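[1] Task: produce atomic coordinates for the following.
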Amino acid sequence: MAAALQTPYVAVVGFGTSPWSCVEPKVSHGIHLTVNSLTLDLATQISEISPQRVAKAADQLLQHRG
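    Here you go, the predicted structure:
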């Protein structure tokens, strides 16, 4: 929704059961943090995106707007 409304956003994207699960909007006002894991445990892959990484992405968006 944020992409469609041109609202800055940070999206945390994990793997799903569909080949389309990692599709992301092609916009400049959003940051997509995707899993880049070698683990086969799907339940823990998303936890590899740290809160610090999310905060850094949010900070980048705020600086860009300022």
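[2] Check which helix or strand the closest residue to L42 other than its chain neighbours maps to.
    Take L42 and drop its neighbours on the chain: the residue closest to it by CB to CB, 6 or more residues apart in numbering is F15, 6.3 Å away. From N, CA and C alone the C-beta is placed, and that goes for glycine too. Applying DSSP states H and E as the criterion places F15 outside every helix and strand.
[3] and the gap between F15 and S37?
    With distances taken as CB to CB, to the nearest Å, F15 is found 8 Å from S37.
[4] now P51
    Relative to S37, P51 is positioned 17 Å away (CB to CB).
[5] Could you check which of the two is surrounded by more residues?
    Comparing P51 with S37 by other CB atoms under 10 Å, the one with more neighbours is S37, at 16 against 7.
[6] now the helices: where do they sit in the protein?
    Taking DSSP state H to define them, one finds helices in the chain at 42-45, 51-65.
[7] Endpoint to endpoint, stretch 34-50 covers what distance?
    One end of stretch 34-50 sits 11 Å from the other (CA to CA, to the nearest Å).
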